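Visitor: let me see the structure of the following:
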Amino acid sequence: MIKLNINIKNNNITVKPNNSHLPALTGVRFLAIFHIFLHHLWAIYTYHSGKTDETQGLLIGLKDAPDFLMVFMSNGWVSTSLFFLLSGFILAHLYWGKDNQLSIAKSKFWALRFVRIYPIHLVVLLILIVLKLPDYLNDNTPLEWLVPSAVANALLLQAWLPDFIPVWSWPTWTISVMIFLYLIMPFLIKLLSRLSHKQQILTLLAMPFVSIVPSCIYAYMLFSGVPWSMSMEIFFANFPLFWVPYFVAGLLMSRVFSLNKSHPIANRVSVIKKFAWGDLAFLVVIIISFIPNIEQPWLFFIKQGFLMPLYIVFLRDLARGRGLMAKVFSVPSLTFLGETGFAIFIWQSVVMTAAFISLIYFPEIGPYQVWLCIVLVIAISIPSTYLFEKPLAKFLRKRYIDKPTN
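Guide: Modelled structure (predicted):
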């Protein structure tokens, strides 16, 4: 938890951080990931409930949900954009050093990232294989498809192979993209460090336009009569290279707005105002989240382009502690849950698979499944994070990464 020196003067609150933790960003990470989880529940209900005898009653509690809530859940993709921008900014805040290089060795940076993700990911994937393999075999899904898709998922390479994404753990395509971004981050920092401050500003301004290039290609294909397919949409939505602009924008934010922990300006006293431009940007995002029936390719133009400037303004003020949302997202309970973000991404496939299986034995729980899924994913993610992932990562770091060399 961040420690603050607080002084109240002329109805303003001045805050000076004593460490590098940014609680509002941790809090908003939980809300973004939770929104994505709700989107996945909406997708399961919309595309699977009642489609076969086995899925009668699946998440049926959403049938009576208010229309505005269903729209909000259906637009959970707005939070995916926030996740990648936020990830780039936080990593730059922590690791972009004073000398314009990664503050630790590349090998150590990669090792720290991987030990935090891969162990729990492999455990969960094994559980999913046990749960889902019998159904795949009953449906005569060929092993020459199941085995390579499982290997790709185990290595977190599935985002590069769109047809493999839905097979075992759909939500972890995001983690697959993040692994790629971790790998290239040291080289991105080295490249971006060669730019002057003015060039960094111009590059940041250019990122929304670079980001919509895939959307322009996708729109051209649709309007020129290329038949739509799920594989094509998954490719343009999930391919790792297409998320690099968001990540680069997050990296650049730390320098353009002097928000890097090693930068002298980052240690100056900031002022928490009652309202900031970031609050207005967040309000626009919320409004977008409640717009019904946003169709392709316009959805991609919003997700990959229009949202980026809004999120840049929003995260800048959160990092500086400005505005109402900075106060809301700094609530200790949200920062506590924010640490469970990766666990929620990784465990939600198990929870959603359990929703399918539970109908076979307990069909009467259908109306309560939505609440059970929400409670279960949080109930699992908290001990997974604090009792397994973090202690194991700490042990591996102490045993192998920080081990002194002779």
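Visitor: what helix or strand is the residue nearest to the spatial centre of the chain on?
Guide: The centre of the chain sits closest to Phe83, judged by C-alpha atoms, centre = their mean, with a distance of 3.6 Å. Per DSSP states H and E, Phe83 falls inside helix 77-95.
Visitor: tell me the first helix or strand C-terminal of that helix.
Guide: helix 106-138.
Visitor: give me the phi and psi for the closest residue to Ser103 other than its chain neighbours.
Guide: Sequence neighbours aside, Gly97 is the residue nearest to Ser103 in space, at 3.6 Å (criterion: C-beta to C-beta, 6 or more residues apart in numbering). Where C-beta positions appear, they are placed from N, C-alpha and C, glycine not excepted. Note on Gly97: backbone dihedrals following degrees, to the nearest 10 are phi -80, psi 170.
Visitor: from Thr172, how far out is Gly97?
Guide: 30 Å (C-beta to C-beta, to the nearest Å).
Visitor: same thing with Leu324?
Guide: Using C-beta to C-beta, Leu324 is found at 33 Å from Thr172.
Visitor: look at those two and report which has more neighbours.
Guide: Thr172 (27 against 16; other C-beta atoms under 10 Å).
Visitor: how close does the more buried one sit to Gly321?
Guide: 33 Å.
Visitor: and for Ser289?
Guide: Taking C-beta to C-beta, one finds Ser289 at 24 Å from Gly321.
Visitor: what are the ranges of the strands in the stretch 301-406 of the chain?
Guide: Shown for the stretch 301-406 of the chain, no strands are assigned by DSSP state E, counting those that start in this stretch.
Visitor: as CSV, could you dump the C-alpha coordinates of the helix holding Phe83?
Guide: C-alpha atoms of helix 77-95 as CSV (Å, rounded to 0.1, in the frame of the first residue of the first chain):
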residue,chain,number,x,y,z
TRP,A,77,-14.0,-5.2,-25.0
VAL,A,78,-13.5,-1.5,-24.1
SER,A,79,-11.5,-2.7,-21.1
THR,A,80,-9.2,-4.9,-23.1
SER,A,81,-7.7,-1.7,-24.6
LEU,A,82,-7.2,-0.2,-21.2
PHE,A,83,-5.4,-3.4,-20.0
PHE,A,84,-2.6,-3.2,-22.6
LEU,A,85,-2.1,0.5,-22.2
LEU,A,86,-2.1,0.2,-18.5
SER,A,87,0.4,-2.7,-18.6
GLY,A,88,2.8,-0.7,-20.7
PHE,A,89,2.7,2.3,-18.4
ILE,A,90,3.1,0.3,-15.2
LEU,A,91,6.1,-1.6,-16.5
ALA,A,92,7.7,1.5,-17.8
HIS,A,93,7.1,3.2,-14.5
LEU,A,94,8.9,0.4,-12.7
TYR,A,95,11.6,-0.5,-15.1
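Visitor: switch to numbering from 558
Guide: Yep, numbering from 558; the last one is helix 634-652 now.
Visitor: and that helix, how far out from the chain middle?
Guide: Distance of helix 634-652 from the chain centroid (C-alpha atoms, centre = their mean, to the nearest Å) equals 7 Å.
Visitor: check stretch 599-607 too.
Guide: On C-alpha atoms, centre = their mean, the centre of stretch 599-607 falls 22 Å from the chain's centre.
Visitor: which stretches of the stretch 758-907 of the chain form helices?
Guide: For the stretch 758-907 of the chain, applying DSSP state H, counting those that start in this stretch gives helices covering 770-780, 787-795, 801-813, 834-846, 855-858, 864-877, 881-885, 889-895, 898-918.
Visitor: can you give me the buried ones in the fourth one?
Guide: This points to helix 834-846. Buried residues in helix 834-846, defined by neighbour count with 16 or more other C-beta atoms under 10 Å: Gly835, Asp836, Ala838, Phe839, Val842, Ile845, Ser846.
Visitor: so can I have TSV of these showing distance to Phe766 and pLDDT?
Guide: Below are these laid out as TSV (distance: C-beta to C-beta, whole Å; pLDDT from 0 to 100):
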residue	distance to Phe766	pLDDT
Gly835	22	93
Asp836	26	94
Ala838	18	96
Phe839	22	95
Val842	19	96
Ile845	19	96
Ser846	23	95
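Visitor: just the closest of the residues you listed to Asp692, please.
Guide: Ser846 (33.5 Å; C-beta to C-beta).
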